[in-house]
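> coords please:
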Amino acid sequence: MNNILITGAAGFLGSKYTEFFSKMHNVYALDINLEKLLSLKKKIKSINIFKIYIKNEAQIKKLFIKLKKKKVFINILVNNAAINSVPNKKKNSITLKKWNKEIGVGLTGSFLMIKYFGQEMVKKKQGRIINIGSDLSVIAPNQDIYKNAFFDFVKPITYSVIKHGLLGMTKYYASLYADKNVNVNMLSPGPIYNNQEKIFVKELVKFIPKKRMGNHQELLSALDFLIDKDNTYMTGQNLIIDGGRTTV
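Residues are numbered from 1 along each chain as shown. This next block holds a predicted model:
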C-alpha cells in the first residue's frame, strides 16, 4: 500500500484526489484551511490531516521529521496546492505582495516538498512525484474569454507563471532523479466544471474541441496511471487532459 501525500488537499480538486486515493492507499492530506481539512476528515475517516502553510519551510521540515520518526515513508507526492488568481478589471492589478504569496504557494511550496520528501525518495531509490499543472502550463490565458464573460476583466499573470514554472520543475527533477528510480511527471487539467457562471462556461467552451468543460472524474484515471507500479519508464512528461483545448 502506498503512502500518498497531497498538498492543497482540502480544495475542490484536492479533495477529489484525496477521496479517490484513500480507497486503496494511505493518504496524508495537507492544507492551510483547517476547517475544510476537518470537514474532509469527517467524510473520509481513514486519512491523516495536517494544517500546513506550504511556503513555510519550518512547518514542512517539522512534518517530514514527524513522519520519519513514525517510520512513514512518503513514496508518492502530489503537489497540488495553488492559488488561482481571479480575473480583475485592472490589467496591472497584481501587487508585489500578491505576486510573492501566489508564487510562494504554487512554486516555492512544491520546491520545498520535493526538497524534503523527494530527497527521501532518492535515498530509498523509489518514488513518484506528480505536479498538478494546468492547460495554462503550455498556453497563455485567452483574455477574450474573460473580457466577454466578465465585462473587460483579465486573468492575472501569476497562475500562468506558476504552471509554466511547475513544468520546468517537473522536467528538471525528472532528469535529476531519473537514475534513482524516482519518476516525476505532471498532470495538467483543462477547464473543470465547478458550478461556474453560465456566461463564462458559454464563452470558454467555444475554444474547446469537445465543446464542454471537463469533469473531475476524468482526471482520476490519469492519476491512477501515473502511480501505477507498472508505469516505470514515463518521466518528465506533462499529461494534459483538456478536451483538446491546447491542440488548436
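> show me the contacts for the residue nearest in space to the middle of the chain.
Taking C-alpha atoms, centre = their mean as the criterion, residue 80 is the residue nearest the geometric centre of the chain, at 2.4 Å. Residue 80 makes contact with 6, 7, 8, 9, 11, 13, 14, 17, 132 under the criterion C-beta atoms under 8 Å, 6 or more residues apart in numbering. Where you see a C-beta, it was placed from the backbone N, CA and C, and this is true even at glycine.
> Likewise for residue 102?
82, 83, 85, 158, 159, 162 are the contacts of residue 102 under C-beta under 8 Å, 6+ apart.
> what about the protein, any weak spots by pLDDT?
Screening the chain residue by residue with the criterion pLDDT under 70, one finds the ranges 89-92.
> can you give me the helices in it?
The residue ranges that make up the helices of the chain, judged by DSSP state H, are 12-22, 34-43, 57-69, 96-103, 109-113, 119-124, 143-150, 158-177, 198-205, 217-227.
> what would those look like in TSV with distance to residue 243?
Rendered in TSV, the data for those read as follows (distance: least, C-beta to C-beta, whole Å):
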stretch	distance to residue 243
helix 12-22	16
helix 34-43	28
helix 57-69	35
helix 96-103	26
helix 109-113	25
helix 119-124	33
helix 143-150	14
helix 158-177	17
helix 198-205	9
helix 217-227	9
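> which one of those is the most hemmed in?
Greatest average neighbour count among the helices of the chain goes to helix 109-113 (a mean of 24), per mean count of other C-beta atoms under 10 Å.
> Output the contacting helices and strands for it.
In terms of contact count using 3 or more C-beta pairs under 8 Å, 6 or more residues apart in numbering; DSSP states H and E, helix 109-113 is assigned the packing partners helix 57-69, strand 76-79, helix 158-177.
> For the ones you listed, could you give me JSON lines that also reports distance to residue 218?
Compiled in JSON lines, the helices and strands packed on helix 109-113 are given as follows (distance: least, C-beta to C-beta, whole Å):
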{"stretch": "helix 57-69", "distance to residue 218": "31"}
{"stretch": "strand 76-79", "distance to residue 218": "17"}
{"stretch": "helix 158-177", "distance to residue 218": "19"}
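> returning to that earlier point: can you say which of the helices of the chain is nearest to residue 238?
Residue 238 sits nearest to helix 158-177 of all the helices of the chain, at 5.7 Å, using C-beta to C-beta.
> The closest one - contacts with which helices or strands?
Contacts of helix 158-177 with other secondary structure elements, assessed using 3+ C-beta pairs under 8 Å, 6+ apart, are made with helix 96-103, helix 109-113, strand 127-132, strand 182-189.
> any idea how far the first one is from the chain center?
Relative to the mean C-alpha coordinate of its chain, helix 96-103 is positioned 18 Å out (C-alpha atoms, centre = their mean, to the nearest Å).
> got the angle between it and helix 158-177?
With axes from the mean of the first three to the mean of the last three C-alpha atoms, to 10 degrees as the criterion, the two stretches helix 96-103 and helix 158-177 enclose an angle of 40 degrees.
> I'd like to know how far the residue nearest to the centre of the chain sits from residue 175.
To residue 175, residue 80 is 22 Å away according to C-beta to C-beta, to the nearest Å.
> Same check on residue 196?
Distance from residue 196 to residue 175, counting by C-beta to C-beta: 37 Å.
> likewise residue 56?
28 Å.
> Please apply the same query to residue 148.
With distances defined as C-beta to C-beta, the gap from residue 148 to residue 175 amounts to 41 Å.
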